[in-house]
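S.K.: sequence first, then the predicted structure, then my questions.
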Amino acid sequence: MARNDDENLDGRVNGEQPEGARDAILQRLLHVVLIAIMLSLASTVLTAITVIQFIVIAVSKGEPNERLADFGTDLGIWMAKAARYQAAASDVKPWPWTDLD
């Protein structure tokens, strides 16, 4: 079974989260700004992965690169967790402040 199968995605994004300590407002602002910069970079990486994966699929007659697909899934999950923290839906900061699962 693949690590990133669809049945596990919901649990990785919305599953049980460790209890995060509430940050002071200025500390949270600093984290939000840093995460916004990291999200911008992640969006650029995702665009590059998309282009590369499209080329791989075109060259290999429809077969995607499994490692690129898994990395894209992991990146998307990190982006979702980062968005949850920024929107104050969660007090758990994403990687690098917590483990990348």
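M.R.: Thanks, I have the structure now.

S.K.: give the buried residues for stretch 34-51.
M.R.: For stretch 34-51, the neighbour count (16 or more other CB atoms under 10 Å) marks 35, 38, 39, 42, 49 as buried. (Each C-beta comes from the backbone N, C-alpha and C, glycine too.)

S.K.: work out for me the element the residue nearest to the third one when sequence neighbours are not counted sits within.
M.R.: What that stands for is residue 39. On the basis of CB to CB, 6 or more residues apart in numbering, the spatially nearest residue to residue 39 that is not a chain neighbour turns out to be residue 82, at 5.6 Å. Assigning secondary structure by DSSP states H and E places residue 82 in helix 66-86.

S.K.: same question, residue 38
M.R.: Element membership of residue 38, judged by DSSP H and E, is helix 25-59.

S.K.: and the residue most central in space within the chain, how far from residue 54?
M.R.: In the chain, the residue lying closest to the centroid (CA atoms, centre = their mean) is residue 78, at 1.8 Å. With distances taken as CB to CB, to the nearest Å, residue 78 is found 22 Å from residue 54.

S.K.: what of residue 44?
M.R.: As judged by CB to CB, residue 44 and residue 54 stand 16 Å apart.

S.K.: three-state assignment of the residue of the chain most remote from its centre?
M.R.: Centroid-distance maximum for the chain: residue 61 at 28.4 Å, with CA atoms, centre = their mean. Following DSSP: H, G, I helix; E, B strand; the rest coil, the label given to residue 61 is coil.
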